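Asks: One predicted model, sequence on top.
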Amino acid sequence: MKPFDYQRLETPEHLGHVEAGRFLGGGTNLIDLMKHQIETPDVLVDVTRAGMDRIEERGDAVLIGSQVSNTDLASHPLIRRDYPVLSSALLSGATQQLRNKATTGGNLLQRTRCQYFYDTARACNKREPGSGCDALDGLNRFHAILGASENCIAVHPSDMAVAMAALGAVVVTRKRDGTEGRIPVTELHRLPGDRPDLDHVLDEGELIVAVELPASPPRLQSYRKVRDRSSYAFAVVSAAIALDLEDGHMRNLRIALGGVAHKPWRATKAEAMLEGKMPEAALFMEALEQEMADAEGHGHNDFKKILAPRVVVAMLRELTGLGGN
Amino acid sequence: MYPLMLTVNGTVHDVEIDPRRSLLDLVRETLGLKGPKKGCDHGQCGACTMIVNGRRINSCLSLAVTHEGDTVITVEGLSEAGELHPLQQAFIDKDALQCGFCTPGQLCSAAALVDEIREGLPSVVTGEVGVAMTNEEIRERMSGNLCRCGAYNNIVEAIRTVSGDKR
């Protein structure tokens, strides 16, 4: 690991007083990447003791401090009761050891990555811009089918962020000049385009202070993760769905997909086709096929174009009481 | 070098450390406790598992310098007054190991697991009604601890014995 200066942030208000550097939360991704010398920060700013570790219920929102651990968030009674899709997504990720350490903000800002990003003997535009992408013609079973570019087909591995995308969460930030930022979680991460080295839209030194969940979320919620092992494995495809059923009609429907793109993917085309309609299996499939119209496989991951719609359709059938498979 | 004070297995340590040093290296190299093992050093195998402030973590992925004031328990701290921890005895009784390299991490993980279940912390396989100590629960909750000898069945049985649930 390369040498670095270590600093602690006492409170978010002191952001302007510490050296600019990489923020350290639970470190479960960053420390690992520093050991590989893929991340080589000169300064680490430890934000775990800056008072951002509470979950607060406000009138119109639930505010989750960015340093609340994945375990504490997943097991919080309010989250278990009103936002079960989030609890379920969190518990689907990683291991108990990692969830105890990983934080809410850190989970969002873990690197979008694939095995070629870790392998310094291979070309990776995300690790080394301009070096190429060995995943395009390589082992790309886990890679993106939506929103990718010829420069990068890695996926964002978070389960939590997929659930937050379906819940309409907003990321609350603080910049070095003291101003506050508010970014919908669906707009926090970037698609790779020609800058796959950039994962997110935050400014240099901009700190995630909290994540805000809107109050009164849709009543029907579900998270499903398809993976190669039943525990401790990234999703091949995952989906988070939230909706209400009013007089038999689907309302406030939100569908987010994981494991298919460089960011949590809101299936807005499918949502628009289904909103206000009565549940119907054929309609579900039609909407999801529409969503997948632009999907592009790279060989080993072609199956995701079929799997992702099937996962969502199965979940919608279950949530709306259609049953069957 | 950075100053650090922390408590490991009840003993307070006051040290000066390189900020790059992991909690695992601090405990093994600086403090000389060789129970916790360095398996993968990347948070994948769980051999380095320690209990910090009541929660189990991968000590290889945690910088020691971030643990100012923390209370750490390693496998050496599980036994009390010369008596083996019930889980240690159960691992012996149920033959829950072969080479033993992963065992310190398995034991710390299992000790924390028993507390987590007592506390009612859910896992992804937990239903609405609360946690039952089933094989499925134990397997899910122990998925962060690999055993290359494949002693999993006996590890699960040892943990179930200690939890008091005989299903």
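Replies: Right, received. Where do you want to start? Residues are numbered from 1 along each chain as shown, chains lettered A, B, ... in the order given.

Asks: What's the separation between whichever residue of the stretch 51-200 of chain A sits closest to chain B and B:R141?
Replies: Nearest residue of the stretch 51-200 of chain A to chain B: A:T95, at 2.8 Å (CB to the nearest CB). Any C-beta I mention is one placed from the backbone N, CA and C, and that applies to glycine too. In this view, A:T95 and B:R141 are 9 Å apart by CB to CB, to the nearest Å.

Asks: between the two, which one's more packed in?
Replies: Per other CB atoms under 10 Å in any protein chain shown, whichever of A:T95 and B:R141 has more neighbours is B:R141, with 28 against 24.

Asks: for the chain, longest helix please?
Replies: Since no chain was named, I'll use chain A. Selection of the longest helix in chain A by residue count, based on DSSP state H, yields helix A:304-319.

Asks: The intended chain is chain B.
Replies: As assigned by DSSP H, the longest helix anywhere in chain B is helix B:103-119.

Asks: And it, what's buried?
Replies: Using 16 or more other CB atoms under 10 Å in any protein chain shown as the burial criterion, the residues of helix B:103-119 that qualify are B:103-114, B:116-117.

Asks: and chain A, which of the residues you listed reach it?
Replies: Among the buried residues of helix B:103-119, the ones lying near chain A by CB under 8 Å from any CB of the partner chain are B:109, B:112-113, B:116.

Asks: Torsion angles phi and psi at A:I241?
Replies: phi -130, psi 140 (degrees, to the nearest 10).

Asks: That one bridge partners, please.
Replies: A:S222, A:I255 (DSSP bridges).

Asks: so which strand or helix has the residue sitting nearest the centre point of chain A?
Replies: By CA atoms, centre = their mean, chain A has its centre lying nearest to A:A161, at 2.8 Å. Per DSSP states H and E: A:A161 is located in helix A:160-166.

Asks: Other residues contacting that helix?
Replies: Outside helix A:160-166, the residues that touch it by CB atoms under 8 Å, 6 or more residues apart in numbering or on different chains are A:70, A:73, A:83, A:85-86, A:88-90, A:93, A:104, A:107-108, A:185-186, A:188-189, A:211, A:213, A:221, A:223, A:238-242, A:254-258, A:263-266.

Asks: so how far is it from its chain's centroid?
Replies: Distance, stretch centre to chain centre, for helix A:160-166: 6 Å (CA atoms, centre = their mean, to the nearest Å).

Asks: same question, stretch B:6-19
Replies: Worked out by CA atoms, centre = their mean, stretch B:6-19 lies 18 Å from the chain centre.

Asks: and that stretch, C-alpha only, in PDB?
Replies: These are the backbone C-alpha positions of stretch B:6-19, laid out as PDB (Å, rounded to 0.1, in the frame of the first residue of the first chain):
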ATOM      1  CA  LEU B   6      -7.300   0.300  22.000                       C
ATOM      2  CA  THR B   7      -8.400  -2.600  24.100                       C
ATOM      3  CA  VAL B   8      -7.700  -6.100  22.900                       C
ATOM      4  CA  ASN B   9      -9.100  -9.000  25.000                       C
ATOM      5  CA  GLY B  10      -9.400  -6.800  28.000                       C
ATOM      6  CA  THR B  11      -5.800  -5.400  27.800                       C
ATOM      7  CA  VAL B  12      -5.400  -1.700  27.000                       C
ATOM      8  CA  HIS B  13      -2.600  -1.100  24.400                       C
ATOM      9  CA  ASP B  14      -1.000   2.200  23.700                       C
ATOM     10  CA  VAL B  15       1.000   2.100  20.400                       C
ATOM     11  CA  GLU B  16       2.500   4.100  17.600                       C
ATOM     12  CA  ILE B  17       1.600   2.800  14.200                       C
ATOM     13  CA  ASP B  18       2.000   3.300  10.400                       C
ATOM     14  CA  PRO B  19      -1.500   4.200   9.200                       C
END
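
Asks: What's the mean pLDDT across that stretch?
Replies: Stretch B:6-19 shows a mean pLDDT of 98.

Asks: After the helix holding A:A161, which helix or strand is next?
Replies: By DSSP H and E, the next helix or strand past helix A:160-166 is strand A:170-174.

Asks: partners of that following strand in the sheet?
Replies: strand A:180-184 (antiparallel), strand A:207-214 (antiparallel).

Asks: Tell me which of the ones you listed sits nearest to A:M1.
Replies: strand A:207-214 (23.2 Å; CB to CB).

Asks: How about chain B: which residue is closest to chain A?
Replies: Nearest to chain A, among the residues of chain B, is B:G144, at 2.8 Å (CB to the nearest CB).

Asks: what sits against that residue?
Replies: By CB under 8 Å, 6+ apart, the residues touching B:G144 are A:94-98, A:232, B:46, B:49, B:58, B:109.

Asks: In a strand, it, correct?
Replies: No: counting by DSSP: H, G, I helix; E, B strand; the rest coil, one finds B:G144 to be coil, located in no strand.

Asks: Would you confirm that A:P309 contacts A:E289?
Replies: Yes: counting by CB atoms under 8 Å, A:E289 is a contact partner of A:P309 at 6.1 Å.

Asks: For chain B, what is the nearest residue in the stretch 151-300 of chain A?
Replies: A:S231 (3.6 Å).

Asks: can you count the residues close to A:L316?
Replies: Neighbours of A:L316 under the rule other CB under 10 Å: 28.

Asks: Contact partners for it?
Replies: A:L316 is in contact with A:241, A:274, A:279, A:284, A:322, counting by CB under 8 Å, 6+ apart.

Asks: what are the phi and psi angles of the fourth one?
Replies: Listed backbone geometry of A:F284 is phi -60, psi -50, with angles given as degrees, to the nearest 10.

Asks: just the strands in the stretch 51-200 of chain A please.
Replies: For the stretch 51-200 of chain A, applying DSSP state E, counting those that start in this stretch gives strands covering A:55-57, A:61-65, A:170-174, A:180-184.

Asks: To clarify, my last question referred to chain B.
Replies: Along chain B, counting by DSSP state E, strands occupy B:2-8, B:11-17, B:49-52, B:55-58, B:71-73.

Asks: Reformat those strands as a markdown table; add mean neighbour count and distance to B:N154.
Replies: Output for those, formatted as a markdown table (neighbours: other CB atoms under 10 Å in any protein chain shown; distance: least, CB to CB, whole Å):
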| stretch | mean neighbour count | distance to B:N154 |
| --- | --- | --- |
| strand B:2-8 | 17 | 29 |
| strand B:11-17 | 12 | 32 |
| strand B:49-52 | 26 | 18 |
| strand B:55-58 | 28 | 20 |
| strand B:71-73 | 21 | 24 |
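
Asks: how about the nearest residue to the one residue sitting closest to the centre of chain B, chain neighbours excluded?
Replies: What sits nearest the mean C-alpha location of chain B, by CA atoms, centre = their mean, is B:C108, with 2.3 Å. The shortest distance from B:C108 to any non-neighbouring residue, by CB to CB, 6 or more residues apart in numbering or on different chains, is to B:T49 (4.5 Å).

Asks: A:T320 now?
Replies: With CB to CB, 6+ apart as the criterion, A:T320 has its nearest non-adjacent residue at 3.6 Å, and that residue is A:P279.

Asks: in the sheet, who's paired with the residue nearest to B:C108?
Replies: Per DSSP bridges, the residues bridged to B:T49 are B:N58.

Asks: End to end on stretch A:26-41, go ahead and measure it.
Replies: Using CA to CA, to the nearest Å, the end-to-end distance of stretch A:26-41 comes out at 16 Å.

Asks: Could you give me the buried positions within that stretch?
Replies: Buried residues in stretch A:26-41, counted by 16+ other CB under 10 Å: A:26-35, A:38-39, A:41.
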